[in-house]
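Asks: here you go, sequence then predicted model.
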Amino acid sequence: MGASANVVVLGLAARNGTPISFWQFTRYGIIVAALSILLAAPYLWLRYFVLA
């Protein structure tokens, strides 16, 4: 589901004159993934090891 949404957004961006390159998409994706991990790791540690 997420992959098809990405294809739709890339198509809409290109149609509106703002194409998104693979590397631009990857740069933002790495930042979002890193922030998700930084937020999830402490929660999981607290939930399953400290407060178990």
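Replies: Looks like it arrived, so ask away. The structure presented is a predicted model; accordingly, all values stated were derived computationally and were not measured.
Asks: quick one: low-confidence parts of the protein?
Replies: Applying pLDDT under 70 to the chain flags the ranges 1.
Asks: swap in 90 and give it another go.
Replies: Scanning the chain for pLDDT under 90 picks out the ranges 1-3, 52.
Asks: state which helix of it is the longest.
Replies: Secondary structure assigned by DSSP state H gives helix 22-45 as the longest helix of the chain.
Asks: for it, buried residues please.
Replies: Residues of helix 22-45 include none that count as buried (16 or more other CB atoms under 10 Å). Any C-beta I mention is one placed from the backbone N, CA and C, and that applies to glycine too.
Asks: got the CA positions of that helix in CSV?
Replies: C-alpha atoms of helix 22-45 as CSV (Å, rounded to 0.1, in the frame of the first residue of the first chain):
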residue,chain,number,x,y,z
PHE,A,22,15.3,9.0,-6.5
TRP,A,23,18.1,10.5,-4.4
GLN,A,24,16.0,13.4,-3.1
PHE,A,25,13.3,10.8,-2.1
THR,A,26,16.0,8.6,-0.5
ARG,A,27,17.5,11.5,1.5
TYR,A,28,14.2,12.4,3.0
GLY,A,29,13.4,8.8,3.6
ILE,A,30,16.6,8.2,5.6
ILE,A,31,15.8,11.1,7.8
VAL,A,32,12.3,10.0,8.5
ALA,A,33,13.5,6.4,9.2
ALA,A,34,16.2,7.6,11.5
LEU,A,35,13.7,9.8,13.5
SER,A,36,11.3,6.9,13.7
ILE,A,37,14.0,4.6,15.1
LEU,A,38,15.1,7.3,17.6
LEU,A,39,11.6,7.6,18.9
ALA,A,40,10.7,3.9,18.9
ALA,A,41,13.8,2.5,20.5
PRO,A,42,13.5,4.2,23.9
TYR,A,43,9.8,3.4,24.0
LEU,A,44,10.4,-0.3,23.3
TRP,A,45,13.2,-0.4,25.8
